[in-house]
Structure formats: C-alpha cells, structure tokens
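> heads up, no residue letters with this:
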C-alpha cells in the first residue's frame, strides 16, 4: 500500500536518492529546482580548526505529479543531519515561544484537555513547546543532546529517534496520549508512513495529532528557497498532508497558517469521524494550486530564485566596491542555504552575530570560514552593513538592533533584497 522503504545501515553515512514519491509512491518525479551541493546546515566546525573534509550533498526539489507533494531529492543519514551536538534550540526565538504558548491555549480550549491527559512532543528539542503543557502529563522524544536542556527544566525527555518501536515502548510505559505534537520535524523524518503508524500507536481513541510544518504555498509566495535543506525532506501543502494522513485513517479537522519560520501551517488530525471538521479545512484546500496550476507556480518559483540570487549579489558587490565592511545578523539553519547558494564567504561577510548563549557562537557558518560571534561585537565594530539572515523576523529584530545602538545599513535578502 505504501512506498517501499530503502534500507540503510544506521549511522552508515549513506544517502539515499528519492526515486519515487515519499507519500504515494508515484514515479518519475519532476525536478523543480537545483541549489547545487550543500553542507549539512547544522554541521559547524570551531573557529580556527584545521580544515578537514566535510560532507556536501546535492540539494534538489522534486514534484510529484500525482499527489502534488514537493520533496527533497536525497535522504541523508539522520545521524549526519542531526548529530548529538546539534546546535539549534527553539527557545531562543521569541516568535517560536509565543507560537507554542498560543498552540497550548488553542489546543486546550478546543480539546478541553485535563490534568491527567498525556501530551507527547516528537522532536521536542529544548522542551519549549512542552513547557506550556506542564499542568498536564508530558513527555518529550528528542534524539539529540539538546533534550538534556529540557530534562534540566523538569520536562521528562526520552533521548531517542522516533520510530514505531519507540512508540510501542512509550505506549507500554506511559499509556495512550491525548495529544501528540510534531512541530517543525514532521517533514524531517525519512520513512513518513512508519512515523504516522507510530503516532497512531501513541494516540488514544480520542487522541489528536497536531503538526506544524513549513507551508509550501507560503514558501513559494515569499521565495523562501533558503528553507530548502537536507533536514526538510518534504514541503507540504494542506492537500498533500491531508492525503498522507488519510492513507492511515486520520482526518484533518482544523488547519490554519501560522507565522513561524516565515510561514507555516498548523494541522489538527484525529481518527476519521472523531472530531467535527472545521470550515478552515475546505477554505485552505480551495485556495491551493493543484495539478497544472501547481506546476506553473513551481516553474515561476525556480525562475524567481535565480533572479533573487543575482539581485542580492549585485547589492553586495556595490557595497564591497565602496569599501564596506559587511556582517550577518543571526545564524539560523536557513542562512546556510542562502550563504552557500549565493556564494558568500569570509571575504564578503566578516562575521555573523548571534545572541549570547547561542550554541553556534565560536563556530563557523557551514561550508565557510565565516565566524559566528556574540552580538555585542556588532555595536562595538559598527560595520557599514548587516544582512539579517533571519529575514522572516526582521520586523522584530531591526528595532532592537537600532535601540542597542547599531547605526549601519540593515539589509533583508529575501524575498527581494532591500535596505530597511
């Protein structure tokens, strides 16, 4: 019924080409966009380390003509993509903290959650999402060392990759879950059908699965090619996501766009017939391009990406010809794609600033020797220009940078390069 899973030896470093649709099994897939070879976005080396060979992988977007899923053309071994020293923590971003607090308020009211209800978060990271549910029973499942941060905050966390076997173990030890969440990770795990079966194993009869993922339509509309990297195996429209869940007897009963990561989608699903279906589902589905309309939109996206790269490089060229010193603001995963696709290096970008406490400080941007430094250097050096790599939250960052005393130019690279 489901596409066959390509076997790989755990931790082998093997990469597996995606030759058929990860959801419906259709082949062949159509190439939408190639960003060339890219390093893993969270594999960062220490500043000053002796250069050593690092893995780089092809980065292609493919489209399924049958179910309209857009997907990456290569599945890289997750032990490479999510190393134990994984440096990303969701709690450092105010927009995410606010979003997870709002998710808790919405889900609690909609589902009438009680103190004994079990809430499980897959890919729980530093526990920021679950911290909002601490009046209920909670459990995080997180494969990287970041899970220890959650545990230190009193959030029980199982440091494990999520698999059907993990789900069965959790169900035996903790009982059925009323809510299972997967925020910004449901598109990351390779064997998605096994993952959905694992989620079904966790859910009680009235259980609800809540996912948050980058939204394909928003990605296309705002030219977010920088969110294309090897962690993100799939780019869901509501149509493609609902199709996946329906294959396992799950029905989407509420969906809406949310602002995180420059535009995401929050989707509620339960076993068919358990929850009344909200009008939001039909409205969002009706607004999405499908078939020939989706193909045309993807082709337009590809052309716009190339022009965007040229425009940004032209703006930076003009600054450098005038003798400008340029730095970067923030080092999110998406910055790695932009830096490497556009061709920025330490001769162009002097350094990238991160807020104090970031695990990325003291390391280099992936694939380059651009150092990541503490934000205070921006205010002492006063470089001529700063590119905000977290451009999707530039409206939040820019006033703070000005208030702290930065006087240079602030530039956002996407969707159109411009000075704020």
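Sure, I can see it. Computed from a predicted model, the values in this text were never measured in an experiment.
> the helices in the stretch 201-350 of the chain, which residues?
With DSSP state H, counting those that start in this stretch, the ranges of helices along the stretch 201-350 of the chain come out as 216-221, 238-246, 279-287, 292-321, 333-342.
> just the strands in the stretch 101-250 of the chain please.
Read by DSSP state E, counting those that start in this stretch, the stretch 101-250 of the chain holds these strands, from start to end of the chain: 118-122, 137-141, 157-158, 177-183, 203-214, 234-235, 250-258.
> phi, psi for residue 371 please.
Dihedral pair for residue 371: phi -80, psi 150, per degrees, to the nearest 10.
> in contact with it, which residues?
47, 346, 351-352, 363-364 (Cβ atoms under 8 Å, 6 or more residues apart in numbering). To be clear about C-beta, it is placed using only N, CA and C from the backbone, and glycine gets the same treatment.
> of these, which belong to helices?
Among the contacts of residue 371, DSSP state H puts none in helices.
> of the strands of the stretch 101-250 of the chain, which is nearest residue 319?
Nearest of the strands of the stretch 101-250 of the chain to residue 319, taken as Cβ to Cβ: strand 203-214 at 30.3 Å.
> buried stuff in the closest one?
203-204, 207-214 (16 or more other Cβ atoms under 10 Å).
> next: stretch 48-64.
With burial defined by 16+ other Cβ under 10 Å, the residues of stretch 48-64 counted as buried are 57-64.
> what's the answer for stretch 119-134, then?
Buried residues in stretch 119-134, counted by 16+ other Cβ under 10 Å: 119-133.
> also stretch 143-155?
By neighbour count on 16+ other Cβ under 10 Å, the buried set for stretch 143-155 is 143-144, 146-147, 149-151, 155.
> not counting stretch 403-416 itself, show me its contacts.
For stretch 403-416, using Cβ under 8 Å, 6+ apart, the contacting residues are 222-226, 308, 311-312, 315, 319, 329, 338, 342, 378-379, 382-389, 391, 394, 398, 401, 417-420.
> before we move on, back to that, list just the nearest of the buried residues of stretch 143-155 to residue 114.
Minimum distance to residue 114 across the buried residues of stretch 143-155 is 19.0 Å, recorded for residue 155 (Cβ to Cβ).
> and the pLDDT at that closest one?
As summarised for this prediction, residue 155 has a pLDDT of 93.
> correct me if wrong: it contacts residue 129.
No. Contact criterion Cβ atoms under 8 Å: residue 155 and residue 129 do not qualify, at 9.5 Å.
> lowest-confidence helix or strand of the protein?
None of the helices or strands of the chain scores lower by mean pLDDT, DSSP states H and E than helix 78-81, at a mean of 80.
> got the buried residues for it?
The neighbour-count criterion (16+ other Cβ under 10 Å) identifies 78, 80-81 as the buried residues of helix 78-81.
> returning to that earlier point: in helices, which of the buried residues of stretch 48-64 appear?
Using DSSP H to define helices, no part of the buried residues of stretch 48-64 is located there.
> now the residues you listed as CSV including pLDDT?
Output for these, formatted as CSV (pLDDT from 0 to 100):
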residue, pLDDT
57, 95
58, 96
59, 96
60, 97
61, 97
62, 98
63, 98
64, 97
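> could you tell me which of those belong to strands?
57-63 (DSSP state E).
> OK, contacts around residue 131?
100, 153, 155.
> give the contact list for residue 181.
For residue 181, the contact set (Cβ under 8 Å, 6+ apart) comprises 103, 119-122, 129, 209-212.
> what sits against the residue of the chain most remote from its centre?
Most distant from the centre of the chain: residue 322, at 36.2 Å, with distances by Cα atoms, centre = their mean. By Cβ under 8 Å, 6+ apart, no residues touch residue 322.
> and it, how far from residue 350?
15 Å (Cβ to Cβ, to the nearest Å).
> need the contact list for the residue nearest the centre of the chain.
The centre of the chain sits closest to residue 184, judged by Cα atoms, centre = their mean, with a distance of 4.9 Å. Residues near residue 184 by Cβ under 8 Å, 6+ apart: 90, 123, 212-214, 260-261, 264.
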